[in-house]
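# Here is a sequence with its predicted model. Questions after.
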Amino acid sequence: MWYVYIIRSVAFPDQEYVGATADIGQRLKDHNAGRSAHTSKFMPWTLVWYCAFPDKLRALAFEAYLKSHSGRAFSKKRLLGPA
């Protein structure tokens, strides 16, 4: 299984990050350990949403969608609601 996830900064709640991984627990630990240049300055992070996909290709396609303008609007309205 592959997972698409959204994490939110605890210290800066307006900061969110969308990613994809095969090991969501380890990936969250990596984000909170500062092992990602994109997320290290807004640590710590908490998982706010995830979805499982049967294969990497589908997960990466949905991750790309969520990172698009319309995907961000979709996630705010349908997945996360108000921060």
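Perfect, thanks for sending it. Numbering: from 1, shown residues only.
# report the longest helix in the protein, please.
helix 56-67 (DSSP state H).
# quick one: contacts of that one?
If you take C-beta atoms under 8 Å, 6 or more residues apart in numbering as the criterion, helix 56-67 is touched by 2-4, 6, 18-20, 22, 51, 53, 71-72, 74-75. To be clear about C-beta, it is placed using only N, CA and C from the backbone, and glycine gets the same treatment.
# Which among those residues count as buried?
Those of the contacts of helix 56-67 that meet the buried threshold are Trp2, Tyr3, Val4, Ile6, Val18, Gly19, Ala20, Phe53, Gly71, Ser75, by 16 or more other C-beta atoms under 10 Å.
# what about the second one, which helix or strand?
Following DSSP states H and E, the helix or strand that holds Tyr3 is strand 2-9.
# how far out from the middle of the chain is the helix-or-strand element of the chain with minimal mean pLDDT?
Each helix and strand of the chain was given a mean pLDDT (mean pLDDT, DSSP states H and E); the minimum falls on helix 69-74 at a mean of 95. Once both centres are worked out by C-alpha atoms, centre = their mean, to the nearest Å, helix 69-74 turns out to sit 14 Å from its chain's centre.
# name the helices or strands packed onto that helix?
Contact here means 3 or more C-beta pairs under 8 Å, 6 or more residues apart in numbering; DSSP states H and E; on that basis helix 69-74 packs against helix 56-67.
# ok and the helix it packs on relative to strand 2-9, angle-wise?
Between helix 56-67 and strand 2-9, the angle comes out at 30 degrees (axes from the mean of the first three to the mean of the last three C-alpha atoms, to 10 degrees).
# Let the chain start at 13 from now.
OK, 13 is where the count begins now, so the last one is helix 68-79.
# Pull out the buried residues from helix 68-79.
Buried, per 16+ other C-beta under 10 Å, within helix 68-79: Ala71, Phe74, Glu75, Leu78.
# Give the burial count for the residue nearest to Arg39 when sequence neighbours are not counted, as a bare number.
Closest residue to Arg39 apart from its sequence neighbours, by C-beta to C-beta, 6 or more residues apart in numbering: Thr33 at 4.1 Å. Look at Thr33: counted by other C-beta atoms under 10 Å, it has 18 neighbours.
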